[in-house]
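Chemist: the following comprises the amino acid sequence and a computationally predicted model.
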Amino acid sequence: MTAQAPDQGQLSNVGVVITRVAHFPWATYGVLRVYGGRHDEVKLPNGRLWTLEPPSLGNEPFVSCIPEGVYQTEPFESEVHGTVISVIGVKGRIGILFHPLNYPHQTRGCVGVGVSLGAFGPGDDVPHLGQSRLAMASLIAVAGRRFTLQINSGRAPDVI
């Protein structure tokens, strides 16, 4: 058995697709799926993953979600979050990361992933991600930190 490079997951030729399913003034929510070399959906260890991004504000740095499109990712060493995933090739933007976060106010143009989506307590009226660190570990274990990322909007039929 050969050792995996730290930025590679269990698969080669990996594609990650985020299908945005809800747009609100405070955040954009989506479903993340991982696809293998033959375009077969890969089952994540924790099932589907949810995403949380800022609202769509014209690709404005640090306050807007990523425009729909196809991008590449690479490992990035963050002083705050450790080794995470950086999205590269977004026109007019730098510093877009996948990193653990739970609440919309915790993103500055980045993407959070979670195992669950819901309100967590009394007075919570904005959906939040649950178990974000576990979701990040699952994503990295399967897809690594270098993959093709496709972002689109639509209805995820098995979710809604």
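Modeler: That came through, no problem. Numbers count the residues shown, from 1 in each chain.
Chemist: in the one helix or strand residue 138 maps to, what counts as buried?
Modeler: For residue 138, the element it lies in under DSSP states H and E is helix 132-143. Residues 132, 134, 135, 136, 138, 139, 140, 142, 143 are the ones in helix 132-143 that count as buried (16 or more other C-beta atoms under 10 Å). For every residue, glycine as well, the C-beta is placed using N, CA and C.
Chemist: by mean pLDDT, flag the weakest helix or strand of this structure.
Modeler: Across the helices and strands of the chain, mean pLDDT, DSSP states H and E gives its lowest value to strand 41-42, namely a mean of 77.
Chemist: flag the shaky bits of this protein, pLDDT-wise.
Modeler: Flagging of the chain using pLDDT under 70 yields the residue ranges 1-12, 37-39, 45-46, 119-124, 155-160.
Chemist: can you list the residue ranges for strands in it?
Modeler: Ranges of strands in the chain, per DSSP state E, are 15-23, 28-35, 41-42, 49-53, 69-78, 82-88, 96-98, 112-114, 116-118, 128-130, 148-153.
Chemist: could you export those as CSV, including mean neighbour count?
Modeler: Below are the strands of the chain laid out as CSV (neighbours: other C-beta atoms under 10 Å):
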stretch, mean neighbour count
strand 15-23, 19
strand 28-35, 22
strand 41-42, 14
strand 49-53, 25
strand 69-78, 15
strand 82-88, 18
strand 96-98, 23
strand 112-114, 27
strand 116-118, 16
strand 128-130, 21
strand 148-153, 18
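Chemist: redo those strands as TSV? Include distance to residue 104.
Modeler: TSV is the format used below for these (distance: least, C-beta to C-beta, whole Å):
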stretch	distance to residue 104
strand 15-23	12
strand 28-35	9
strand 41-42	27
strand 49-53	6
strand 69-78	19
strand 82-88	18
strand 96-98	16
strand 112-114	9
strand 116-118	12
strand 128-130	8
strand 148-153	18
